[in-house]
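Colleague: structure of the sequence below:
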Amino acid sequence: MIARIVTSIRRNAIAWLALFVALTGTSMAASHYVVTNVKQIKPSVLRKLHGNRGAKGTVGPTGPQGPQGKEGKEGASIKGEKGATGSTGKTGEKGEKGETTFGGPTGPTGAEGTDGATGEKGEKGEKGATGEKGATGQAGSGGVKAYAHVKASGKIDASEQVGFTGVTVKAEPENKKTHEPEEGVYCISGLTGFEPINAVVTIDANETGGSESIPAAAFVHIGQGTQSSCPGSTQITVETDELGFEKEGTEFVLVEEGANEGFYIQVN
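Modeller: The predicted structure is shown next:
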């Protein structure tokens with residue numbers, strides 16, 4: 001019984017102390033203190049108030065893992081001691097020198113031959129006779145083979161012609177129906193060395209009808225013109241016209257009439 005009371009006092013020392021202070025009367029009440037810390041109790045009293053060790057509490061949760069420590073330095077390899085140098089071997093014996101061989105003897109040089117004698121220069125031969133001139137070849141199909149400047153009268157300008165020597169230009173042939181000369185018609189014949197296949201005619205601006213007329217492009221026919229009065233032997237027919245105005249009532253009408261005009265002709 002007494003042991004239980006002592007054990008109770010030890011376990012509840014602070015509670016018993018507080019009860020003691022409360023029962024001491026009014027003199028203690030005037031200086032009432034509330035014990036909130038064991039440091040407020042005198043150490044000699046505190047030693048006497050120690051009770052038995054209580055039961056072990058439960059283990060608290062594991063704290064967070066701390067930072068990883070620095071890795072230790074790997075162990076250095078231990079260098080072995082240098083072994084002793086072996087003894088030098090003996091030098092081998094020197095071999096015998098081989099015999100020197102020589103090439104075979106050089107044969108004698110042959111005798112140099114003599115140059116032959118230079119032959120005599122031959123006489124220059126006589127110049128051969130000039131051969132006869134070959135026949136003139138046929139004219140090619142391309143290029144201008146003949147050209148001329150023909151006056152309005154039908155006369156060929158001798159200073160402006162090639163291939164028209166001996167050529168006849170008949171101007172204003174007689175119309176077979178009206179028996180009147182056809183003005184502006186030229187019948188060309190007598191071209192030799194080739195057969196005309198094409199002709200180009202350009203009007204001579206210095207030989208036109210006048211300021212009141214306009215020269216038209218010339219008409220060219222290879223052979224006899226279908227509507228002209230040129231003879232059958234004609235190789236080229238040239239027709240030159242002029243444009244003019246005629247009044248019909250209160251209006252002017254453009255008309256085309258044959259007119260003698262000079263021209264340039266190229267033939268191939």
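Colleague: could you point out which element follows the lowest-mean-pLDDT helix or strand in the chain?
Modeller: Every helix and strand of the chain was ranked by mean pLDDT, DSSP states H and E. The lowest is helix 26-29, at a mean of 43. The first helix or strand that comes after helix 26-29 along the chain, using DSSP states H and E, is helix 43-48.
Colleague: I figured V162 was touching G143, is that so?
Modeller: No - here V162 lies out of contact with G143, judged by CB atoms under 8 Å, at a distance of 11.8 Å. Using the backbone N, CA and C atoms, a C-beta is placed for each residue, glycine as well.
Colleague: who has more neighbours out of those two?
Modeller: V162 (11 against 8; other CB atoms under 10 Å).
Colleague: quick one, domains of this structure?
Modeller: Domain segmentation of the chain under automatic domain parsing yields 2-48, 146-267.
Colleague: what's the separation between the residue nearest to A216 when sequence neighbours are not counted and V144?
Modeller: Sequence neighbours aside, D241 is the residue nearest to A216 in space, at 4.4 Å (criterion: CB to CB, 6 or more residues apart in numbering). Relative to V144, D241 is positioned 25 Å away (criterion: CB to CB, to the nearest Å).
Colleague: so which of the two has more stuff around it?
Modeller: Per other CB under 10 Å, whichever of D241 and V144 has more neighbours is D241, with 22 against 12.
Colleague: wait, what's in contact with the more buried one?
Modeller: With contact set as CB atoms under 8 Å, 6 or more residues apart in numbering, D241 has these partners: G184, P215, A216, A218, F219, E256, E257, G258, A259.
Colleague: equivalent analysis for T36, please.
Modeller: Contacts for T36 (CB under 8 Å, 6+ apart) come out as none.
Colleague: burial of the spatially closest residue to N268 that is not a sequence neighbour, as a residue count?
Modeller: For N268, ignoring the flanking residues on the chain, the nearest one in space by CB to CB, 6+ apart is K145 at 5.0 Å. A count of neighbours around K145, defined by other CB under 10 Å, yields 20.
Colleague: and for K177?
Modeller: 7.
Colleague: and the average pLDDT for stretch 205-224 is what?
Modeller: Mean per-residue pLDDT for stretch 205-224: 83.
Colleague: now that stretch: buried residues?
Modeller: By 16 or more other CB atoms under 10 Å, the buried positions in stretch 205-224 come out as E207, T208, G209, S213, P215, A216, A218, F219, V220, H221, Q224.
Colleague: does the fourth one really touch T240, like I thought?
Modeller: No - with the criterion set as CB under 8 Å, S213 and T240 do not qualify as a contacting pair; they are 11.4 Å apart.
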